[in-house]
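# here is a sequence together with a model predicted from it:
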Amino acid sequence: MKDLSLFLGCVIPNRYPGIEKATRLILDRLGLKWSELKEASCCPAPGIFRSFDKVTWLTIASRNIVLAEENNRDLLTVCNGCFSSLLDANNILKNDAALRDKVNLHLKKINKEYKGTIEVRHIIEFLSKEIGAKNLNKLIERPLELRVAVHYGCHLLKPTKERKLGGAECPVFFDELVEATGAVSVPYEGKTSCCGAGGGVRSAMLETSFKMTEYKLDRIKKAGVDCIVEACPFCHLQYDGGQAELAKSGKTYNIPVVHYSQLLGLAFGYTPEEVGLHLNAVRSHEFEDKIARIQKKDTSVK
């Protein structure tokens, strides 16, 4: 297993610094060898750049990959969109010599060359494959007695032939990592459907975007959970900020939204403030009280 370059993308540093901090904390707690990828740009967004100009998309994406190659580190993402863009670009360039040559002509202008020597990883895929839910469970200090709605997100699962992470319609690898923290993954209708944000829908058709979010939130609320757990800051934005927007029209859900890095951080014993939950738009006193009670429990004897 190579050392890791942490690719933060755009949404996390600009909107959700709590996710960034939680990710740094858990990577350190797990004893992984990592560093932030310096001088990185946007991934770029897969639903936009790739649709307009394939070579431009590949060139921007490959520059980020080359930065990791120069440090001989695999690229670790904490965003489904970044994962999709960078993984797909890496796979295409490794297997298409003609496109690789075109991209390298552009990269040569900045004294860089794509070589295809590293892999692109998503934090959920990485933890599932390299550490495993059972081993992760052994490291938990504050088991989380929570009912959780797991949201996989589109780009983590599809296209299936590229992701190779298990059945796209009935996946379990993310649920296993959530349950490793002591939480219970609660089944609900439409679990693998889109949050409503991806593919430029949020930007171009906001009303349609929120209808998709309502579909998910209605079914999550019916399942009776303490929180939503996702692995993508754009999904996080859609559920968290989306609930605040929907509340203006009288649709109130009040379901806290937690990135997996934050959930794992809580299970490692970090406080809600340390993992940035207080920075979210949706705040629930009931959820926060439950976390406080969990963290006060004596878990010295499991």
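Sure thing, it's come through. Quick caveat, the model's predicted, so the values are computed rather than measured. Numbers count the residues shown, from 1 in each chain.
# pull the contacting residues for Asn104.
113-114 (Cβ atoms under 8 Å, 6 or more residues apart in numbering). In this view, the C-beta of every residue, glycine as well, is placed from N, C-alpha and C.
# tell me the spacing between it and Ala97.
Computed as Cβ to Cβ, to the nearest Å, the Asn104 to Ala97 distance reads 10 Å.
# please apply the same query to Asn135.
With distances taken as Cβ to Cβ, Asn135 is found 39 Å from Ala97.
# okay, those two: which has more neighbours?
Set Asn135 next to Ala97 and count neighbours by other Cβ atoms under 10 Å: Asn135 wins out with 12 against 9.
# and the gap between that one and Leu127?
Taken as Cβ to Cβ, the span from Asn135 to Leu127 is 9 Å.
# and the strands in the chain?
For the chain, the strands defined by DSSP state E cover 4-7, 34-36, 74-77, 120-122, 147-150, 184-185, 227-230, 257-259.
# name every strand pairing with the fourth one and say which way it goes.
Looking at strand 120-122 with DSSP bridges, its partner strands are strand 74-77 (parallel).
# same check on the last one?
Using DSSP bridges, strand 257-259 pairs in its sheet with strand 227-230 (parallel).
# put the alpha carbons of the strand it pairs with into CSV.
Extracted in CSV, the C-alpha atoms of strand 227-230 (Å, rounded to 0.1, in the frame of the first residue of the first chain):
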residue,chain,number,x,y,z
CYS,A,227,-28.8,11.1,11.0
ILE,A,228,-27.8,10.7,7.4
VAL,A,229,-24.3,9.5,6.8
GLU,A,230,-22.7,10.2,3.4
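# give me the residues contacting it.
With Cβ under 8 Å, 6+ apart as the test, strand 227-230 has contacts from 146, 148-151, 153, 178, 183, 195, 220, 236, 239, 255-260, 263, 284, 287.
# quick one: contacts for the closest residue to Phe234 other than its chain neighbours?
Nearest residue to Phe234 in three dimensions, chain neighbours excluded: Ala197, at 5.1 Å (Cβ to Cβ, 6 or more residues apart in numbering). Residues near Ala197 by Cβ under 8 Å, 6+ apart: 209, 213, 234-235, 237-238, 242.
# could I get the pLDDT score of Ala197?
At Ala197, the model reports a pLDDT of 82.
# separation between it and Arg142?
Using Cβ to Cβ, Ala197 is found at 31 Å from Arg142.
# check Lys2 too.
Lys2 is 31 Å from Arg142, by Cβ to Cβ.
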